[in-house]
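Asks: Turn this into a model:
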Amino acid sequence: MSRALAKWTVGGVIAVVICALGLVRSTGEEARPAVPVRPTLVPEVVYSDDSLGWVVDLGLAGGRLVGIDALLDPSVHVFDLGSLERLASYGRRGDGPGEFKDPEQIVPGGTDSPDEVWILDGVHQRLTRLSLDEIVTGSLVEPETFQMDGPNAGSLVRAPDSHWFAGGWITGGRVARYRPDRSYDRTILGFPAGAAAPGMTLLQAYESRVVADPAGGRLAAATLLGGLLEIFDYDGASIAQAAVPDAFQPTWRQGRSRGGRAVMSLGPETRYGFTDLVATERRVYGLFSGRSVAEPGTPWATTQVQLYSWDGAYLGTLQLGRAAEAITVDASDTWLYASGPDPEPWVGRFRLPKP
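Replies: This next block holds a predicted model:
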């Protein structure tokens with residue numbers, strides 16, 4: 001799958017029809033509401049290197065910053081939190097233990113294993129558990145792999161009660177719940193009322209990122225191709241529809257894959273919404289684009305980070321000094337870490353305004 005189709009499902013295995021001719025954007029720039037922004041945040045530290053490839057996700061674990069590279073070998077990069085210098089890298093393309101085809105999501109280890117990270121591989125639909133200490137010290141790395149069960153997960157989070165929740169291409173909805181042993185339980189968040197389309201269409205149109213409140217009890221899901229952010233409990237019961245300034249439903253035309261399967265057809269009227277989502281106990285941070293998928297370059301990369309409370313209230317927008325495609329935030333809401341593709345692959349650290 002090309003970068004212009006989806007950021008979270010890098011290297012996806014089904015084709016999507018692109019309608020680029022004769023289409024008119026359904027929402028003009030003049031129709032979008034003004035978004036209040038705070039002063040631009042300039043990165044205090046930046047590490048940049050072509051060998052980073054394409055860092056599509058970031059996470060914090062074991063006092064380090066971790067990034068996953070969806071383009072080059074190796075696939076997992078470990079950075080020092082202060083200098084952002086790269087401490088070590090690990091992984092390669094392949095099908096065996098410690099190898100990846102489509103690394104796309106980092107899940108930090110729990111309180112009992114802060115040194116661990118879990119890497120979700122979209123093509124293999126499996127988790128690989130890694131020790132950061134083993135990677136950084138150069139000792140023998142002994143990865144463990146666990147097959148995912150159930151719908152095609154493209155976004156994964158472990159809640160404080162040890163259940164797992166996934167967004168992605170979820171059968172019958174947007175968010176699925178998994179038991180602590182990672183076995184599929186059920187889909188808990190369906191499609192919006194009235195949304196109907198055949199085949200894979202709705203699964204692609206409403207692909208969502210899901211995050212958990214570290215304090216427990218709540219989840220948030222944001223739509224990649226829509227301006228939708230929702231707060232709900234572990235059973236999928238709605239708590240709040242977030243007050244997104246530029247709220248919009250996904251826009252598509254019905255298409256067909258080469259094999260005749262019903263899929264979502266994209267064109268210039270289709271826009272990126274939330275291209276990344278992270279959470280702390282105080283806030284939900286949404287990286288928001290709003291740009292057409294047909295724009296040149298990397299239209300999912302953006303300088304806007306929208307802030308929300310766990311009650312869905314919109315708290316304002318942070319403006320980054322660089323366009324980012326992945327973010328993560330420390331538990332104290334002091335530092336935001338980001339990655340981006342231009343002018344060459346980079347990771348950076350931004351000091352957040354005090355809440």
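
Asks: Test of understanding: give the bridge partners of L307.
Replies: Y285, G316 (DSSP bridges).

Asks: burial measure for it, as a count.
Replies: Neighbourhood size, L307 [other Cβ atoms under 10 Å]: 20. All C-beta spots, glycine's among them, are computed from the backbone N, C-alpha and C.

Asks: so what's it up against?
Replies: Shown in contact with L307 (Cβ atoms under 8 Å, 6 or more residues apart in numbering): 283-286, 314-318.

Asks: Return the members of those residues classed as buried.
Replies: Among these, those classed as buried by 16 or more other Cβ atoms under 10 Å are 283-286, 314, 317-318.

Asks: Include distance to S83 and pLDDT when you put these into TSV, please.
Replies: TSV is the format used below for these (distance: Cβ to Cβ, whole Å; pLDDT from 0 to 100):
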residue	distance to S83	pLDDT
R283	26	97
V284	29	98
Y285	23	98
G286	28	98
Y314	35	97
T317	29	96
L318	23	96
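
Asks: Adjacent strands (with direction) for the helix or strand hosting Q105?
Replies: Assessed by DSSP states H and E, Q105 sits inside strand 103-108. Using DSSP bridges, strand 103-108 pairs in its sheet with strand 116-121 (antiparallel).

Asks: remind me which residues of the stretch 201-350 of the chain are low pLDDT?
Replies: Applying pLDDT under 70 to the stretch 201-350 of the chain flags no residue at all.

Asks: if we can go back for a sec, figure out how far the strand holding Q105 is from the centre of its chain.
Replies: Relative to its parent chain, strand 103-108 has a centroid offset of 9 Å by Cα atoms, centre = their mean, to the nearest Å.

Asks: what is the rounded mean pLDDT of that strand?
Replies: The pLDDT scores in strand 103-108 average 94.

Asks: What separation is there between the residue lying closest to Y178 once chain neighbours are set aside and Q147?
Replies: Spatial nearest neighbour of Y178, excluding adjacent residues (Cβ to Cβ, 6 or more residues apart in numbering): W164 at 3.9 Å. In this view, W164 and Q147 are 13 Å apart by Cβ to Cβ, to the nearest Å.

Asks: okay, those two: which has more neighbours?
Replies: More crowded of W164 and Q147, by other Cβ under 10 Å: W164, with 26 against 9.

Asks: which residue is nearest the centroid of the protein?
Replies: D276 (4.1 Å; Cα atoms, centre = their mean).

Asks: State the helix or strand in which that residue lies.
Replies: Counting by DSSP H and E, the element that carries D276 is strand 274-279.

Asks: do the same with I135
Replies: helix 132-137.

Asks: So which residues make contact with the strand holding Q105?
Replies: With Cβ under 8 Å, 6+ apart, strand 103-108 has contacts from 8-10, 56-61, 66-70, 75-76, 91, 114, 116-122, 127, 154-158.

Asks: could you flag which of these are buried?
Replies: 8-10, 56-61, 66-70, 75-76, 91, 116-122, 127, 154-158.
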